[in-house]
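Enquirer: need a structure here:
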Amino acid sequence: MAGFKAVANVVLFNDDGDVSRDMLEMERFVCEVTQSQVDVILKDVKGLAKFMSASEHERQRNMTEIVDHLGSIGGAVGKVQDSTQQIKKAQDLQVSRQEHEAHLKSIRRALGVGDDDPWLEKQNSLIRSRVPDSGSWLVRDNIVFKQWADLSRQGTNVMALTGRSGYGKSHICSTVIAALLEKYGKTSAQHKAIVSYYYFSPENRDESLEKCLGSLICQIASKRPTYARAVATACENAGTTYESQAIWDKLIFDLLDEIHGDCFICLDGFQDFRRVDCSGKTISSMAKYAALPRGDGFQMLFFVSALPDHFESMELGDGFAQISLGLERSYSGAATGKPRKFHWNDNATAVVNQQDLVLVARHRIQGMYTRKPELHVLLEDMGDVASELAAAVAGHFENLEDKLRQIDSCESEEQIRSIIENADEGLSTSLRTAIADLNASLGQTEIKQLNELLLWAAGGFEPHPSLMLKPADVLQAALYFRLGQKYMLKAVVDKFPALITMDDISGVKLQSETLKEILEEVPTPTDATSMDQSNTVLHASEIALVRRFLLNVCDDDLYSRFEFDRFFEAKTGKQTARICLGGRNAFHLSLLQICLDSLCTRHKDMGIEALRHYAATHFHRHLREVDLLEMKTGDNVDLLRRCLSNPYVEVGYRDHAEQHEFIKAALAQSSDRYNIVSKVAGRVAALWFGNERSMGLLFIVPAKIMAKDLDLHVDISPGYDGRPSGHDIDRVVEWAKKKVDLDLTDEEWELQRARTYKHWGLMDEALRMLEKLEPQISDNWLYLRLMGEAHTHPQKRLDYLKMFRALKDQLLNTDARYTLAYWGSLYDEADILFRLGDLESAASCFQALVEHDVGEDEFLKMSQESAVNYLFYTWCEQKAFHKVIDMLAQWEAMGNGPRGVRYWLPAMVDSFYSLAIRAAAETGSEQHVIQMFSSAAGLPLHEQHISVLRYASGALLYHTSQRTEDHESAIEIWEELVTSPREFLTLAMAGWYALRSLCQALLEDAAPVGGEAERARAGMYEKKLENMTHIVGHDIDSLRREDHDIRLAVARAKHLRGDRSAARKIIQSRLGDVLEDEFSSIGNRFLQVAASLAAIDDDAGALLGCKPCRKIIS
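Expert: As a prediction, this is how the structure comes out:
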């Protein structure tokens, strides 16, 4: 290399050639090195680019998965938020519901509307008695009704159904209401219409319009919380009682803005719209407002059934339409807007409800065929009897029923033909003829018996769901109390089919209102002496005295001319009593006298306990029926003085010197009604504080009567949540100490106070009082009995009961009160032993109570029936199934005796039959037990008991046999119980059990398994399930929102068969009912939602439904 040297840091080369060569060489070397490095870099860059591209694809795929995952998390969070919001809304709804309920209570109190809803009871009663398809001509075929009931149409706003008494207006009205409730009752978002209605009672012709309007307001307010708040505020601010016009003006018309949507108002039975009083004006105002054209806000649609001509003077314009029952009726002036002038079309022969008459006649005749097969033979060759009768009575249902009753008692074809030919004879004429025939043919005792039945049929017992009291039991007790002997009630009623009828729900009732009017026309005596003598026999000595008087007054010629001898001979030994009822006040005063007499009597006969129970709960009802004004208004005439001084009532006390003197003294001492009533209350209170076994309702009478004087703050009502506080009980006890004539020590009064605490559920107060009394009366048997009931520790309760029973050697069968309490304590002791696990001792106690003859004591009978169930359950738990079968065989051996199958089997409940079925299956005694139940069902028992035995026979067949024929027989038995409207609705318990079992059986059989034939058979069972959902009745309707809803079974069956869409529609409908059920708690609604979703296998939704429920419950 060329030499070089460095000068000033600059490289200097000595030779340019060498430098040039070296530079070229260096350039080549640099190029080679650079090129090789570039190739390496390019390779690395290509690899890196390829790697980056793959990484980008991976990143995009991962990002998509992340986004999807975040989306699912967001959806879950949204669901959680929705659930939280739903829970918050539910809690807010619960708070607002409580406020709403408080407003409703305030409205009821201010308007005098009781806790019971008589309009609902009346509607259910009419629906139960309705013949299938009757009324369809109106709701399905009538153009006027369709236009009126369709909210999307404009036109008819007021519809009147007119007809005379007995033409079936109430039944048509119930059909209209049922159709509206079916269409608008769910109050969906699309149709927010309210259906409100009221039935004026035919028994109370002076029923106030204020009560009607108050009932309508309560129904509207129950659906509109804002309106409820406004009405409650208005009532509170007013502070006075409204009259009918003021109720309409202040509480309805002025508050229309608070009622959103349309409102149907249906009234039945208002007497006369042309009255000039306030009531008539109010009804006219309502009808005129409803007739106005429909607007965008609140609109009233008015339906009313009334007598003919009631709308004659009302100018309602074209928004009004009328349908007349009976012969067709026309009107003029419809298109002009002038007042309509109605007139009868004398040439018209058509009856608009002719179809209903034919249906009712055929239904009744079919019932006759069932009872009297031989009647079928007489009628089958006589043509269409039903149509002939329906045409002859010209729309009058009561006349039709009367003719059918006459046919039912006929013995020949000639008699039947005569009735059909004279069917156009008025009902009043035929009834008067029947009464005259009975007056001529019956003896004095029979007429007295019939008059007693008529008395209760006209104004007696009105059953209430809260009272476990049967009308037949009350009437039996009343007849026994009044006539001194027990009667076979149905046999007595069957003797007078033209006048009275009887059923399990309403008891004994008059056949028609026309009959009541006729009986009230018969004059009754005006004083006690003549009343008593009118029911006596005319003896020969009395007639001889009158004969001598006539002979002295007139000569022999006149005496012979008027044939007085023949007249007296006809009267000798014959009764002079007549079938009569007297005026409305007369029979209510008589019933009031019976109530007071039964409560004040000291006769200790268990045969009249049902009457005393009735008297205790209906005492004030008869007072109100007699008085035109409420008892609470202290400025009115003293009703009780007038009642007790009435000669009809005095007759009831004349033979009881003590009661007679008591009433005379009360009337003489004071004119203050509350002083008199307090004396009656004192006598009733003596029954409570002087008898450990008396009904708690007897405490209600003095407490309610003395509510004003004692300033009690709680309305004590039987069967409701209202109950006295400890303070109120203390005040009643202190009052009773002064008013009640009982020989009790201070300790015994305190014991009665503790007993009253315990009865009304104040267990802590009762226990503290008893523990405080222990040093003074620790050996008192009542004290030991109460401690055995009130103590909270089971073993302590058992110890006290054993000490109580240890006194039996000295008190059993010698002290009547201890004896009754002793047998009742056996049940309590057995129950405690059972809960403590001592099954052997528990079974011994139960068996001792079961084998004891309790006589007529209703309380011990109930305890004994419950003891049988627990005894069988205990034996089954011990695997001692043979003991169950042995006891059944023992009952069978006694046959129809007082302790045989006729006594035991009908009284048992569903659990008893389940245990009997289990024992029969375990011991191989199925056929024996089935035969026993079938034989018992053939005994002459009450229809309700026969129905229960039929249900049990079906259960035995279904659960103990593997044969398809037996399963089919069981299903047929249950189906017959459920689908028969009369049986299911009057024998609700057996029908409910049968309904439950039938649903379970049909659902199992509706499951699609096997081949084509099996699937077709399953479809048949599914169809049966669907048909059951169309059964109408209060008892089935009550299951619509519970977990025994038939629609759950139908939806499940369709889901299993693959018809998912239909199943979801059914569940959707059920969910609407469940969520809108205002009487159900929030927790129960969530549970029903879960059950509904589980039926279609939506388990996730069902679990979500359960979660809020758990939180609410916890």
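Enquirer: Return stretch 103-110 as CSV; C-alpha atoms alone will do.
Expert: Written as CSV, here are the backbone C-alpha positions of stretch 103-110 (Å, rounded to 0.1, in the frame of the first residue of the first chain):
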residue,chain,number,x,y,z
HIS,A,103,-108.0,4.3,50.9
LEU,A,104,-110.4,1.5,50.1
LYS,A,105,-111.0,0.8,53.8
SER,A,106,-111.6,4.5,54.4
ILE,A,107,-114.1,4.7,51.5
ARG,A,108,-116.0,1.6,52.8
ARG,A,109,-116.2,3.1,56.2
ALA,A,110,-117.3,6.6,55.0
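Enquirer: List the residues that contact Y480.
Expert: Under the criterion of C-beta atoms under 8 Å, 6 or more residues apart in numbering, the contact partners of Y480 comprise K486, Y487, D605, G607, I608. For glycine as for every other residue, the C-beta is placed from the backbone atoms N, C-alpha and C.
Enquirer: give me the element it is part of.
Expert: In this assignment (DSSP states H and E), Y480 forms part of helix 471-483.
Enquirer: for that helix, which positions count as buried?
Expert: Of the residues in helix 471-483, P471, A472, D473, V474, L475, Q476, A477, A478, L479, Y480, F481, R482 count as buried by neighbour count, 16 or more other C-beta atoms under 10 Å.
Enquirer: The third one and A610 touch, don't they?
Expert: Yes: taking C-beta atoms under 8 Å as the definition, D473 is a contact partner of A610 at 4.1 Å.
Enquirer: re earlier: from the contacts of Y480, pick the one nearest L375.
Expert: Nearest to L375, judged by C-beta to C-beta, of the contacts of Y480 is Y487 at 27.4 Å.
Enquirer: Name the SS class of the closest one, please.
Expert: The local conformation at Y487, judged by DSSP: H, G, I helix; E, B strand; the rest coil, is coil.
Enquirer: any idea how far it is from G607?
Expert: Applying C-beta to C-beta, to the nearest Å, one obtains 12 Å for the distance of Y487 from G607.
Enquirer: Between those two, which contacts overlap?
Expert: Residues touching both Y487 and G607 by C-beta under 8 Å, 6+ apart: Q476, Y480.
Enquirer: rewinding a little: and the next helix or strand past the helix holding Y480?
Expert: Counting by DSSP H and E, the next helix or strand C-terminal to helix 471-483 is helix 489-494.
Enquirer: who touches that following helix?
Expert: Q449, L453, A472, L475, Q476, L479, I500, T501, M502, V508.
Enquirer: low-scoring stretches of the stretch 701-850 of the chain, by residue?
Expert: 701-723 (pLDDT under 70).
Enquirer: Quick one: the buried residues of helix 471-483 as JSON lines, columns for pLDDT and distance to S1092 too.
Expert: Below are the buried residues of helix 471-483 laid out as JSON lines (pLDDT from 0 to 100; distance: C-beta to C-beta, whole Å):
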{"residue": "P471", "pLDDT": "74", "distance to S1092": "39"}
{"residue": "A472", "pLDDT": "76", "distance to S1092": "41"}
{"residue": "D473", "pLDDT": "78", "distance to S1092": "41"}
{"residue": "V474", "pLDDT": "81", "distance to S1092": "42"}
{"residue": "L475", "pLDDT": "80", "distance to S1092": "45"}
{"residue": "Q476", "pLDDT": "80", "distance to S1092": "46"}
{"residue": "A477", "pLDDT": "82", "distance to S1092": "47"}
{"residue": "A478", "pLDDT": "82", "distance to S1092": "49"}
{"residue": "L479", "pLDDT": "81", "distance to S1092": "51"}
{"residue": "Y480", "pLDDT": "80", "distance to S1092": "52"}
{"residue": "F481", "pLDDT": "81", "distance to S1092": "52"}
{"residue": "R482", "pLDDT": "79", "distance to S1092": "55"}
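Enquirer: got those residues as TSV, with distance to A434 columns?
Expert: Output for the buried residues of helix 471-483, formatted as TSV (distance: C-beta to C-beta, whole Å):
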residue	distance to A434
P471	24
A472	24
D473	29
V474	26
L475	22
Q476	25
A477	28
A478	24
L479	22
Y480	27
F481	28
R482	24
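Enquirer: hang on, the earlier thing: check the contacts of Y480 for burial and list the buried ones.
Expert: Neighbour counting by 16+ other C-beta under 10 Å classes Y487, I608 among those as buried.
Enquirer: List just the nearest of the contacts of Y480 to R128.
Expert: Where those are concerned, and distances follow C-beta to C-beta, R128 has its nearest neighbour in Y487, at 27.0 Å.
Enquirer: returning to what we had before: can you show me the CA trace of the helix holding Y480 as PDB?
Expert: Written as PDB, here are the backbone C-alpha positions of helix 471-483 (Å, rounded to 0.1, in the frame of the first residue of the first chain):
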ATOM      1  CA  PRO A 471    -128.600 -23.100  56.700                       C
ATOM      2  CA  ALA A 472    -130.200 -26.500  57.200                       C
ATOM      3  CA  ASP A 473    -128.600 -26.800  60.700                       C
ATOM      4  CA  VAL A 474    -130.000 -23.400  61.600                       C
ATOM      5  CA  LEU A 475    -133.500 -24.300  60.500                       C
ATOM      6  CA  GLN A 476    -133.400 -27.700  62.200                       C
ATOM      7  CA  ALA A 477    -132.400 -26.000  65.400                       C
ATOM      8  CA  ALA A 478    -135.100 -23.300  65.000                       C
ATOM      9  CA  LEU A 479    -137.800 -25.900  64.400                       C
ATOM     10  CA  TYR A 480    -136.600 -27.900  67.400                       C
ATOM     11  CA  PHE A 481    -136.600 -24.800  69.600                       C
ATOM     12  CA  ARG A 482    -140.000 -23.600  68.500                       C
ATOM     13  CA  LEU A 483    -141.900 -26.900  68.000                       C
END
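Enquirer: Following the strand or helix carrying Y783 in sequence, what is the next regular element?
Expert: Under the criterion of DSSP H and E, Y783 resides in helix 781-790. Where DSSP H and E defines the elements, the next helix or strand beyond helix 781-790 is helix 794-805.
Enquirer: Fine by me, thanks again.
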